[in-house]
Structures are given as C-alpha cells and as structure tokens.
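Asks: turn this into a model:
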Amino acid sequence: MLTITEKLTEPATTSLSLTLPFSKRQKSRLRIFLDDNQEAALMLERGSVLRQGDFLRADNGLVIEVRAADEEVVLFTTPDPFLLARACYHLGNRHIPVQIGEGWIRIQRDHVLEDMVRSLGLSVKHELAPFEPEGGAYGGHSAHPHSHHGET
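Replies: Here you go, the predicted model:
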C-alpha cells in the first residue's frame, strides 16, 4: 500500500490526484483511495489540513494533487456588507468552519444555522460545491485547537 507522508511547500508535476471532502481533509491519519482507486495510507504531520491544490509526496516519491470534493453546503448571499458581517459574527460564535467570499458565506448543511442566517435577512441556497473554510487566525488550521471554559 502507498504511504503518503509529506505535504509539499511548492507545486509539483503529477498525474495522480486525491479528492476528499473537508471532513477528511482535516485528518492527518487516514486510509484513503486516490482518484485512480489506488489504496493509500495518509500519514501526515498531526494538525495538517489539506487544501484544494496542495501537493503530497508518497514514500516512493510519487506526487499527488489534492482536490476538494463537492459536498452539500449552504450558500448565504447578500449585497449588504453590514448583513454579511452580522452573519459572520453569529456563525463565528458557533465555532463552525465558514468559507467567506465577496457578498457570500458558505457552511456545511445545518438547518438550525440556515434558519438563523435567513432570519438576519440573507438569501439561502443549497448547493453541491467544494468547501474551503477559513484557516483561522492562529496557525492557519481550520480545526478548532483552543479550549473554552467548561470544555474538557
């Protein structure tokens, strides 16, 4: 079985690819199948988060390009920057991964959060799209690394 052990810092030429949803791109240890159905073990440095366009190297020297899979997401839109900021604030208080663009926010499907953001005045649309949330201000990881009072 192929073992993938390194995340490259520079783009590289490759003919292999790996397509994963965000939930799996957050894991550093994982049994996977490349897009050509070749089985592999992902054994990256703990805390690694894979992004669309990242390149990985296997122990045998093969290079693999990471692709973000389409997944069920919710797209919130508004032309009003104030409403967009309010929605980002409220979603941020929920400590969920959020992808932000000009005039839009994308999250993974959650009917409670959809209703909350809709009540703020944003349009809501379900779609299948790659999910690339913000990396976070501290260390660039999308996983939520710090603890809060009362959490164990």
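
Asks: can you show me the helices along the chain?
Replies: Along the chain, the stretches classed as helices by DSSP state H are 22-25, 81-92, 111-119.

Asks: what residues are bridge-paired with residue 123?
Replies: Counting by DSSP bridges, residue 123 forms beta bridges with residue 77.

Asks: verify the contact between it and residue 79 for me.
Replies: No: with contact defined as Cβ atoms under 8 Å, residue 123 does not count as touching residue 79 (9.8 Å). In short, each C-beta sits where N, CA and C put it, glycine included.

Asks: more neighbours: which of those two?
Replies: Ranked by neighbour count (other Cβ atoms under 10 Å), residue 123 and residue 79 place residue 123 first, with 12 against 8.

Asks: OK, contacts around that one?
Replies: Going by Cβ atoms under 8 Å, 6 or more residues apart in numbering, residue 123 touches 76-78.

Asks: now residue 103
Replies: By Cβ under 8 Å, 6+ apart, the contact set of residue 103 is 77-79, 84.

Asks: where does it land on pLDDT?
Replies: At residue 103, the pLDDT value in this model is 96.

Asks: repeat that for residue 45.
Replies: Confidence score, pLDDT, at residue 45: 92.

Asks: residue 142 too?
Replies: Reported pLDDT for residue 142: 38.
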